[in-house]
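Colleague: What follows is a predicted structure for the sequence shown.
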Amino acid sequence: MVQPTGVTPTDFRPSSSVLSSDELSSAQAIIKTISEAFSSRVVGQENLRTALIVSVITGGHILLESVPGLAKTTAVQTLAASVHGSFKRIQCTPDLLPSDIIGTQIYDYNKGQFRTELGPVHANFVLLDEINRSSAKTQSAMLEAMQEKQTSIGGERYDLPRPFMVLATQNPIEQEGTYELPEAQLDRFLLKEILWYPDSGEELEILKRIESGKLGADLDASDLPQVELSAIETLQKLVKKVYIDDSVKSYIVQIVSATRNPGSVISPDMARYVQYGGSPRASIAFLQVAKALALMSGRDYVIPEDVKQLRYSVLRHRIILNFEAVADQIHAEAIIDAIFNAVTAP
């Protein structure tokens, strides 16, 4: 792809600043603190760190696919502790009921009346471990809570705490006894990250930290760099002000439109593997993620590179491939690269 000449990031700036220098400095300080807390507990996993911070800033949710033992629980626990937020972990099993997640009413014999017991979803940060092991009914209840930011128990509505973020995990190496998430439900996740094993250097660092006592289940959260929970609300307000030029918006629309009609931009040999493209949620996700990445970079405006940075995470669960792609071992990332190479950035 040939980039237009004479285009610089300043071409995408608004006519006047939308965020003051103090607001940008405040956002940078908050993001730096959360990032340092992550690094103090988790070795490597830079993509996960970026995805978590982006999701916190945008108020979105993450679907994470990885083999066991890659510090997913530690990462979310650390994120919650770094902002003084509550954390709950839900281990999904086939017999898990919706009431086990959202809560239920229990009869109090002493008082002769029902009382409401809120479920573990009522926390700022929820790790839904192996979501594909729970039944379709339980998955639906959880995804409804994610979308509506509330639960209904005994006819009463209970708002979920703010901020609220779900990190749902899937284990790609064990498929027996699982219930695959429908495509329409996958679309509700802002990002899908795929993690793999650490490299030799990172694994050696893990061993050193374990031996020195810097990593372990009994570590005190007070040792982490921390900010107040209200700082997340500040970030979420600031990111809405980040400017995105109409040319960048048009670029996002062209990318997502190309996923629906790939034959118009990429070769027929690649286009034939795509069954369905991204919905308007994909465009909205690109918009939100690009703004968050701009804020993380200390800018109050979006550039095309912000759209490209997390392109796999935004699209890999929204581009549905057919059986022929599975048979030929073609992955969504190959289609995404072909589309981004074909659509010229502003």
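Modeller: Structure's in. What do you need? Numbers count the residues shown, from 1 in each chain.

Colleague: Pull the number of nearby residues for residue 34.
Modeller: For residue 34, the neighbour count with other CB atoms under 10 Å is 25. Using the backbone N, CA and C atoms, a C-beta is placed for each residue, glycine as well.

Colleague: Now the phi/psi pair for it, please.
Modeller: Phi and psi for residue 34, reported as degrees, to the nearest 10, are phi -60, psi -40.

Colleague: Can you report how many residues lie near the residue lying closest to it once chain neighbours are set aside?
Modeller: Excluding the flanking residues, the one nearest residue 34 by CB to CB, 6 or more residues apart in numbering is residue 82, at 5.1 Å. By the criterion of other CB under 10 Å, residue 82 has 24 neighbours.

Colleague: and if you look at the one 10 residues further on?
Modeller: The burial count assigned to residue 92 is 24, neighbours taken as other CB under 10 Å.

Colleague: where in the stretch 1-150 of the chain is pLDDT low?
Modeller: Residues of the stretch 1-150 of the chain that meet the criterion pLDDT under 70 lie in 1-10.

Colleague: Helices of that one, start to end?
Modeller: 21-41, 46-58, 72-82, 98-102, 136-148 (DSSP state H, counting those that start in this stretch).

Colleague: Which one of these lies nearest to residue 344?
Modeller: The closest of those to residue 344 is helix 46-58. By CB to CB, the value is 25.2 Å.

Colleague: and the closest one with helix 72-82, angle?
Modeller: 40 degrees (axes from the mean of the first three to the mean of the last three CA atoms, to 10 degrees).

Colleague: which parts of helix 46-58 are buried?
Modeller: 48-58 (16 or more other CB atoms under 10 Å).

Colleague: on that earlier part again, for the residue nearest to residue 34, give me its contacts.
Modeller: 33-34, 37-38, 224-227 (CB atoms under 8 Å, 6 or more residues apart in numbering).

Colleague: okay if I get those as CSV plus distance to residue 86?
Modeller: Formatted as CSV, the contacts of residue 82 follow (distance: CB to CB, whole Å):
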residue, distance to residue 86
33, 18
34, 16
37, 16
38, 18
224, 15
225, 19
226, 14
227, 15
